[in-house]
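**Q** I'll drop the sequence and a predicted model, then ask my questions.
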Amino acid sequence: MKHFMTSGLLSILFLVSGTVSADEPLVKKSTLQPNQQHVLLKFNLQPGDQYLFSSVMKQNIVQTLMGQQMTTIQQVTTDYVYAIQSVENGLTTINVTFSTIKMDMDIAGMQSVSFDSANPDAATSELKALSNLVGQSFLMQVDESGRVKKIEGLAEIIASVGGQQAEILKQSFGDSSMIQNMNQVTNIYPNKKVGRGDSWTKTFSGSIAGFLQSEATSAFSLSDIEGDLAILRTDGQMSFSKLEGPGGNPMLAGAEFNLNGTQTGTFEVDIKSGLPISAKLKQDITGNIDVQGMQIPTNIESDITITGKKL
């Protein structure tokens, strides 16, 4: 049972970080500084340019099962290269390449699993499937507000792996999960002129990894302008529940999810290009997972650092 619950949560861990999407934001103007400087913030990367986006996520997952507390600690590092293909009618088409994947996990002090794309042969068997992604590319379309509109080619990459390995990759790197991960980097802009103190809100509602329903609201504000950089603050609420209908991870069949949490943090954004130079986010998700009539209290604490740079 312990291994079952930890394996099931592996699918959650990659996706809880990406929770902003959908609506065109309504900007609320600050009344504190009527003569302040205003800047236009939008996704504005240019064709022909290349960027490296790196994400480091550190997580502590604490679960209580039959009176026994189990703690899983993991760190996941992912690097993506964005090659900007074109910008047409407000949509930016990007060729995204998996550059680096590294994962280390300690499961309740009883089992360790790891993967490093720099040395895939040394990976533990549970994570060897990740080697099929490194160096592979797919297309992504992003609008000027930063919302990921479409992903193409990723499903074909995963399907080509075949067998159970393809199912493992689909849970964490399928289209819906990948859209959420990418949205965390890009979907942060008001796509309007804003000044210090102005705020806007984005919402999301949809399925993740084929077995979770996610609802989230993220409030953003322009806290400062420092030279060419806009400093954004975010404060969000999120919830996760069971996705009704067929599909998903068969290991979690019949499981019920009741998880709620918060996300807070800051972004430093290049005003001209919209490039997120850095972001530091903190998440705290708590609740219960019910499996076969057994209620398992769960807490997931995440610290996420994202950096972007032009190559």
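**A** Nice, I can see it.
**Q** how near is A123 to S131?
**A** Distance check for A123 against S131: by CB to CB, to the nearest Å, it reads 7 Å. (Each C-beta comes from the backbone N, C-alpha and C, glycine too.)
**Q** hey, what's in contact with both of the two?
**A** F115 (CB atoms under 8 Å, 6 or more residues apart in numbering).
**Q** what segments of this structure are helices?
**A** When assigned using DSSP state H, the helices of the chain occupy the ranges 2-13, 154-161, 163-173, 175-186.
**Q** so what's S114 up against?
**A** M103, D104, M105, A122, A123, T124, L127.
**Q** list buried residues within the residues you listed.
**A** Among the contacts of S114, those classed as buried by neighbour count (16 or more other CB atoms under 10 Å) are M103, D104, M105, A123, L127.
**Q** pLDDT at the closest residue to K193 other than its chain neighbours, what is it?
**A** Here the nearest residue to K193 in space, its sequence neighbours aside, is H38; by CB to CB, 6 or more residues apart in numbering that works out to 4.5 Å. Reported pLDDT at H38 in the predicted model: 91.
**Q** ok, the nearest residue to P276 once chain neighbours are set aside to V81 distance?
**A** Taking CB to CB, 6+ apart, and ignoring the residues beside it in sequence, P276 has G308 as its nearest neighbour in space, at 4.9 Å. From G308 across to V81, the span is 11 Å (CB to CB).
**Q** spit out the residues that contact these two alike.
**A** Applying CB under 8 Å, 6+ apart, one finds that G308 and V81 are jointly contacted by Y51, L52, F53.
**Q** export those to CSV and append columns for neighbour count.
**A** Conversion of the shared contacts of G308 and V81 to CSV gives the following (neighbours: other CB atoms under 10 Å):
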residue, neighbour count
Y51, 19
L52, 16
F53, 20
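**Q** before we move on, back to that, using TSV, lay out the buried ones among the contacts of S114 together with pLDDT.
**A** Compiled in TSV, the buried ones among the contacts of S114 are given as follows (pLDDT from 0 to 100):
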residue	pLDDT
M103	90
D104	92
M105	88
A123	89
L127	82
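**Q** quick one: contacts for the closest residue to L65 other than its chain neighbours?
**A** Residue nearest to L65 in three dimensions, not counting chain neighbours: I296, with 5.5 Å by CB to CB, 6+ apart. Under the criterion of CB under 8 Å, 6+ apart, the contact list for I296 reads M5, Q63, T64, L65, N288, I289, D290.
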